[in-house]
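[1] what follows is a predicted structure for the sequence shown.
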Amino acid sequence: MSAKPDISVPTAGSGAPLRPISFGDPAVIIDRRDDGTVYLRPKVALGDYPVRLTDRLHHWASVEPHRIFMAERDKSGGWRQITYAQLLTSSRRIASGLLARGLTAERPVVILSGNSIDHALMAFGALYAGIPFCPVSPAYSLVSKDYGKLRYLMGLLTPGLVFADDAAKFADALAANVSGETEIVVSRDAVPGRQVTMLADLLATPEHPGLDAAHDAIGPDTIAKFLLTSGSTGNPKAVINTQRMISANQVMIRETLSFLKDEPPVIVDWLPWNHTFGGNHNIGLTLFNGGSMYLDAGKPMPGGIEESVRNLREISPTVYFNVPKGYESLLPHLRDDTALRAKFFHRLHAMFFSGAALSPYVWNSLDELSVLETGYRVPMLTGLGATETAPFFMSVNPLTSRSGHVGLPVSGNDAKLVPNNGKLEVRAKGPNVTPGYWRQPELTAKAFDEEGFYKFGDALKPVDADDLHAGFDFDGRIAEDFKLASGTWVSVGPLRARFIAGHAPLVRDVVIAGINRDEVSAIVILDLDGCRLINPALPPDDLAAAAADRLVRDAFRERFTRFLATSTGSSTRITRAILLDSPLSIDRGEVTDKGSINQRAVLDHRSGAIDELYSPTPGAHVIML
């Protein structure tokens, strides 16, 4: 699978070749059943994988002990670095301290902090000891107003130790949600009224006499970590991630993105470790392939993207991962800053996006800049995965990659496509699939079918119904689809993607409404960066001001009119929209900390907006055509 295919020829609609990279192109055996169910099984079997992820830490600490594993900015603006040898030593010390405390899966480690080297040290110490850890979204502590999710998950996980790098920042959340019997470990500062353990003291722990035996006892079914996912309920579910899941998935990634074998990856990354994309996929492939990760404290938003630009001016990545909003925010800087552009594309094998569709405008613009700098289009890759699949499950190849396309299952994963209300619901089976949700057996039972396939809840559509080898496009979430009063089904996923693309750059997301109504309507979440392109005088963080701005509303109406003209029937015809003037709530489960929208939760909690949309005499908030 690691041979270099000839992908340097121009493709349809492009005037420049793709950069040639090593890539394992997924190919499958297709089994169609009489009831319409389709099974897809990769032709190439999955190779061997390590028993435990830390086996790769031992390997690289021996082979390349002085290579940088991770770096982050320090207070002086320089780079604090940790090598593979230092990571192994620190992991063994922290693991010794955790073993001495008698921590187990019943009393795991909970990490409240964002991405940092200290966070990584705690995580790898837990991994080395065979004690599960759970990285928690900082937003649960720092953005939430009532700590509802944090309180719930503390009860679900019953941690024996809680880590926060900055005690002052997390002091209120720690005081309100961590019992007096639970140890708190911090990198710096203090929690008023609470005794804390300093990370430096934990790092000074003498090696436990049973450390090597404990590490050797870690097996494929040992729980490595819990990753939280909200699903449709809004309450966190703790997805069990075993050593087998993570190690097998890293082989799947390495054999598919096989350019990772050609050169140790260098990554500049901000994606949060409490999510599977950043925490499993990116940290895992860095360690597994002996790479180096530079932590990016920037974010794809005004006041945050500048830090990402600063880092990318210094570090040339070999592969770059981001969400669509991140590429969109980076694009004007790449266009205007020739030095940044040269550094970014200097040794870039591929880019990768996940989490949402990447707009054609952004994709084409990145292609143009890549060609301008290198003469090649750098391949843009994506696929389909989930927290429950560790996450890599399906992948495009460089030739077929486009927004909305998810490709075919990669080696080690069997896919099952089940007819469901005119769509094909996708399900997965493989060594990278979770055994279930921690302490929630009823949710675990619902997540799997009678053959043991995990049910994504996503629908796929074949690119070519007569040739499934051509791969599949994403066709929305099954649970988001609904019927109008006429009985007509509304396919939310494709309609939502078309709406966002048709209203670029003004719209970040949209909630499609109309359950049991006569027509479809839209609750629009504006993109403040895009709105400021229309009216630069708008404040950078005032949603209400943008929603009320005449220039923004006129620009939206113009795009809305064009979009309406593309409608093909009642299921795609939207004639009413409301521009949301208040932020979505993380406490109510309307939005995750990475910006993903829970359509059902918004519809449940925004009844006033729904009533206004369908009022016989709607107010000025509603834009009607």
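    Nice, I can see it.
[2] do a quick rundown of the strands in the stretch 151-300 of the chain.
    Per DSSP state E, counting those that start in this stretch, the stretch 151-300 of the chain carries strands over the ranges 161-166, 183-188, 197-198, 223-229, 237-242, 266-269, 292-295.
[3] centroid residue for this structure?
    The centroid of the chain falls nearest to residue 277 when counting by CA atoms, centre = their mean (4.1 Å).
[4] test my guess that that residue contacts residue 269.
    No: counting by CB atoms under 8 Å, residue 269 is not a contact partner of residue 277; they are 9.7 Å apart. Quick note: C-beta positions are derived from backbone N, CA and C, even for glycine.
[5] now do the shared contacts for these two.
    residue 321 (CB atoms under 8 Å, 6 or more residues apart in numbering).
[6] domain parsing of this protein, as residue ranges.
    28-50+247-475, 81-218, 481-624 (automatic domain parsing).
[7] returning to what we had before: can you put the strands of the stretch 151-300 of the chain in CSV and add mean pLDDT?
    As requested, these are exported to CSV (pLDDT from 0 to 100):
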stretch, mean pLDDT
strand 161-166, 97
strand 183-188, 98
strand 197-198, 98
strand 223-229, 97
strand 237-242, 97
strand 266-269, 98
strand 292-295, 98
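[8] so of the ones you listed, which one's packed in deepest?
    strand 161-166 (a mean of 25; mean count of other CB atoms under 10 Å).
[9] returning to what we had before: by mean pLDDT, show me the worst of the domains of the chain.
    For the domains of the chain, mean pLDDT drops lowest on domain 481-624, to a mean of 92.
[10] so how far is the first residue of that one from its last?
    One end of domain 481-624 to the other measures 23 Å (CA to CA, to the nearest Å).
[11] list of residues touching stretch 64-78?
    Residues contacting stretch 64-78 (CB under 8 Å, 6+ apart): 60, 79-87, 116-117, 120, 264, 286-287, 290, 292-295, 297, 311.
[12] can you pull up the bridge partners for residue 32?
    residue 38 (DSSP bridges).
[13] what's the burial count for it?
    By other CB atoms under 10 Å, the residues close to residue 32 number 11.
[14] now whichever strand or helix holds residue 362: buried residues?
    If you go by DSSP states H and E, residue 362 is part of helix 360-374. For helix 360-374, burial by neighbour count (16 or more other CB atoms under 10 Å) applies to 362, 363, 365, 366, 367, 369, 370, 371, 373, 374.
[15] list the buried residues of whichever helix in the chain runs longest.
    Across the chain, the longest stretch assigned as helix under DSSP state H is helix 84-100. Neighbour-count burial for helix 84-100, counted by 16+ other CB under 10 Å, picks out 84-99.
[16] ok, the residues you listed vs residue 516, which is closest?
    Closest approach to residue 516 among the buried residues of helix 84-100 (CB to CB): residue 98, at 53.0 Å.
[17] if I look at the nearest residue in space to the closest one that is not next to it in sequence, how far off is residue 102?
    If the residues on either side of it in the chain are set aside, residue 98 comes closest to residue 129, at 4.7 Å by CB to CB, 6 or more residues apart in numbering. For residue 129, the distance to residue 102 equals 11 Å [CB to CB, to the nearest Å].
[18] and residue 173, how many neighbours does it have?
    The number of residues near residue 173, taken as other CB under 10 Å, comes to 22.
[19] now do the helix or strand containing residue 59 against strand 223-229, angle only.
    Counting by DSSP H and E, the element that carries residue 59 is helix 54-63. Interaxial angle of helix 54-63 relative to strand 223-229 (axes from the mean of the first three to the mean of the last three CA atoms, to 10 degrees): 110 degrees.
[20] buried ones in helix 54-63?
    Those would be 54, 56, 57, 60, 61, for helix 54-63 by 16+ other CB under 10 Å.
[21] contacts for the helix or strand just after the helix holding residue 362 next, please.
    Sequence-wise, the next helix or strand downstream of helix 360-374 (DSSP H and E) is strand 380-381. Strand 380-381 has contacts (CB under 8 Å, 6+ apart) with 257, 350-353, 358, 363, 366-367, 395-396, 398, 401.
[22] could I get those residues as JSON lines with distance to residue 171?
    Below are the contacts of strand 380-381 laid out as JSON lines (distance: CB to CB, whole Å):
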{"residue": "257", "distance to residue 171": "41"}
{"residue": "350", "distance to residue 171": "42"}
{"residue": "351", "distance to residue 171": "39"}
{"residue": "352", "distance to residue 171": "37"}
{"residue": "353", "distance to residue 171": "36"}
{"residue": "358", "distance to residue 171": "39"}
{"residue": "363", "distance to residue 171": "43"}
{"residue": "366", "distance to residue 171": "42"}
{"residue": "367", "distance to residue 171": "47"}
{"residue": "395", "distance to residue 171": "43"}
{"residue": "396", "distance to residue 171": "45"}
{"residue": "398", "distance to residue 171": "48"}
{"residue": "401", "distance to residue 171": "46"}
